[in-house]
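Chemist: what would the 3D arrangement of this be:
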Amino acid sequence: MSRLRPLRRTVPLMLVAAMVAVAPPARADARTDVHQGDIEGVPYRVEVPSNWNGTLLLWSHGAYSLEFPAPADISLTNHPATKQWLLDNGYAVAASQFRVTQGWGVVESGLKDQMDLLDWFTANIGKPRRTISTGASAGGLVSVLLAERNPTRFAGVASLCGVLGGTTGHFNSALDANYAIKTLLAPGLDLVRVKDPQANTSNARQALGAALGTASGRARLALASALADIPARYISRAPAPGTVAGQVQQQYFYNAYDRGAFWGLNRTDMEGRTGGNPSWNTGVDYRRLFARSSQKALVKRAYDEAGLSLRADLARLNAAPRIKADPAAVRYLDRYGTPTGRTPWPVVTLHSTGDGNVPPENQRWYATQVRRAGNPANLKQLYVDRGNHCTFTASEEITALQTLLTRMNTRHWPSTRPDVLNSAATKFAPDYQTVFDPDPEPGLHPTTPSFTRHHPARYLR
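Modeler: Prediction:
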C-alpha cells in the first residue's frame, strides 16, 4: 500500500485509455471506415467495418471529472481492446462526445446527443438491423435511459458499472457520507451551496487524511463510508486488507478522490444545472441506515479498536442540523437520472463487487425497478470479483456482450454460471486480459477473468 497513489478520476479506464492511447488515424485500417464530425457543434466518432453485420453499438461515456480537462479523444468502449474485437467481428460502433462532457450534465446531454447521432447514422450509413445501447458509469445509466425513452430504436442494453440506482440516490448517498464527515470530523466543511469549491475540497481532503492517523478518526471515517456503502477495496486486483487501518485507508481514497468532487465542483455544477440543491437528509434515521449497510462489520471493528461509542456517534448524526432539498432541483434529477425499470428488450449489467464509486447495491435497486415495471426474465446481472470502478477486462466485457447477443439471437439466455463465463473469457488472448489498477502504478495490468456470484445488499438511498 505504500506505493499506492490515487488517480483522480470519475471513470477510471476511460481516462487511462485516453492518456495512454495514440490518437487514432482518420481511417483505422483498410477494413474499417471512420467517420468524424460534429452535429450542432457536438463531436462524434463512428467506425464501421467493411463486413458490417448490421448491428450497431451506441456507446455512452461517463461523467468525466470536473477537476481535470476532459479527454480530447472520443471513447467507443470501456476497455480499448473491446473495440477492436467488435470491429473484427463485424459490429459498428458509434459515440457522441456529448455537448456536456463533464459533471452530471452528461445525462441530460447524452439523452439528446446520442439520439441525434443515431439519426445521423441512419441517414448517412444506413439503418441498423439492430442497435445496442451501451455505456459505463454515468454512461451506463444513460444507456438504460436511452432505451427506456426510445424503446423501438433499440434491441438490447449492455450497462457497465452503471449508476442504476439513479442520480437522485447517488447524490443523496454522497450527502450522507459527507454529512457524517462534517458532523464527526470536520465541522467547518460546506455540504451544499459551497462558497469556494476548491478550498472546500482541499479542506475535506486534509481532514480525511488527518483522520487516517488516529484510531478514532479511522472509526468515524469507516462509519461515514458505511452510510454510503463504500467498500474497503480500492485496489482492483487484490482483496480488501485484513486490518482496520488498511481497509479504512482504501475507503479514504474513494471519499477523498473518486467521490471527492462532491465536496466542490460536482456539487456546485449540479446545483447550477438544477437550479438549487437536489439532495436531502431530512427524515433520515442514521441508526436505521447504518443497520442496513453492507459495511457495518468494519465499522464495529473500528469502533472497538478506538474504544469509542458507536451508539453515541449515531446519536450525534441524528441530532445534527439537516439538509433540505429544493423541490425543483429534485424534479430535475428525477427527470434526468431515474430508470423506470421497463425492459421490453434484454438487458445485461456488469459490475465490480468492490466498486466504491458506484456501489453494486445500485444493481439491486435497478432489479427491484424491473420487477415492478418490466420483465425480470429480460434482465441478467453479472459481477466480477474486483475492487474499484469499471474495472473489467476486455475478455469480461466481450463475454457479457456475447451473453446479451445470444439472448437477442435465440430468445434464450445462455448459462451465466461464473465458471462458464470465466471459461469463455479465459479463451481470449493476453491483450484481452488486462484491467485498470491504481497499484503499483495507475494503468492496465494483467489479470485473469473473475466472474463471481454476488448478492448486493439493499440500496441505502
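Chemist: residues contacting the spatially most distant residue from the centre of the chain?
Modeler: For the chain, the largest distance from the centre (CA atoms, centre = their mean) belongs to G307, which lies 35.5 Å off. Contacts for G307 (CB atoms under 8 Å, 6 or more residues apart in numbering) come out as A215. Every residue, glycine included, has its C-beta placed from N, CA and C.
Chemist: hmm, try it at 6 Å
Modeler: By CB atoms under 6 Å, 6 or more residues apart in numbering, the contact list for G307 is empty.
Chemist: quick one: average pLDDT of stretch 375-387?
Modeler: Average pLDDT, stretch 375-387: 99.
Chemist: swap in stretch 160-167?
Modeler: The model assigns stretch 160-167 a mean pLDDT of 97.
Chemist: before we move on, the earlier item: so what's the residue farthest from the centre of the chain scoring on pLDDT?
Modeler: pLDDT at G307 comes out at 99.
Chemist: from A329, how far out is it?
Modeler: Separation of G307 from A329 (CB to CB, to the nearest Å) stands at 41 Å.
Chemist: same deal with L350?
Modeler: The gap separating L350 from A329 is 31 Å, by CB to CB.
Chemist: who has more neighbours out of those two?
Modeler: Between L350 and A329, counted using other CB atoms under 10 Å, L350 has the larger neighbour count: 27 against 21.
Chemist: residues contacting the more buried one?
Modeler: With CB under 6 Å, 6+ apart, L350 has these contacts: 160, 382, 400.
Chemist: so what's the backbone phi/psi at it?
Modeler: phi -140, psi 130 (degrees, to the nearest 10).
Chemist: distance of it from R311?
Modeler: Distance, L350 to R311, using CB to CB: 39 Å.
Chemist: for T452, same thing?
Modeler: When T452 is compared with R311 (using CB to CB), they lie 35 Å apart.
Chemist: ok, those two, which is more surrounded?
Modeler: For the pair T452 and R311, the greater number of neighbours falls to T452 (14 against 10), based on other CB under 10 Å.
Chemist: just say helix, strand or coil for the nearest residue to that one once chain neighbours are set aside.
Modeler: Among residues not flanking T452 along the chain, D385 sits closest, at 4.1 Å (CB to CB, 6 or more residues apart in numbering). What DSSP: H, G, I helix; E, B strand; the rest coil gives for D385 is strand.
Chemist: centre of the chain to stretch 61-81, how far?
Modeler: 13 Å (CA atoms, centre = their mean, to the nearest Å).
Chemist: could I get the buried residue list for it?
Modeler: Of all the residues in stretch 61-81, those buried under the rule 16 or more other CB atoms under 10 Å are 61-67, 70-71, 73-81.
Chemist: got the domain ranges for the chain?
Modeler: 33-166+339-452, 178-332 (the TED database).
Chemist: need the ones you listed in JSON lines with distance to L460, can you?
Modeler: Putting those into JSON lines (distance: least, CB to CB, whole Å) gives the following:
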{"stretch": "domain 33-166+339-452", "distance to L460": "7"}
{"stretch": "domain 178-332", "distance to L460": "6"}
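Chemist: highest average neighbour count across the ones you listed?
Modeler: Most buried of those by mean neighbour count (mean count of other CB atoms under 10 Å) is domain 33-166+339-452; its value is a mean of 21.
Chemist: quote the end-to-end distance of it.
Modeler: Distance between the two ends of domain 33-166+339-452: 38 Å, counting by CA to CA, to the nearest Å.
Chemist: my guess is H35 is in a strand, correct?
Modeler: Yes. Secondary structure assignment places H35 in a strand (three-state DSSP).
Chemist: which residue ranges of the chain form strands?
Modeler: For the chain, the strands defined by DSSP state E occupy 32-39, 42-49, 55-60, 92-96, 130-136, 156-160, 347-354, 379-387, 434-437, 443-446, 451-452.
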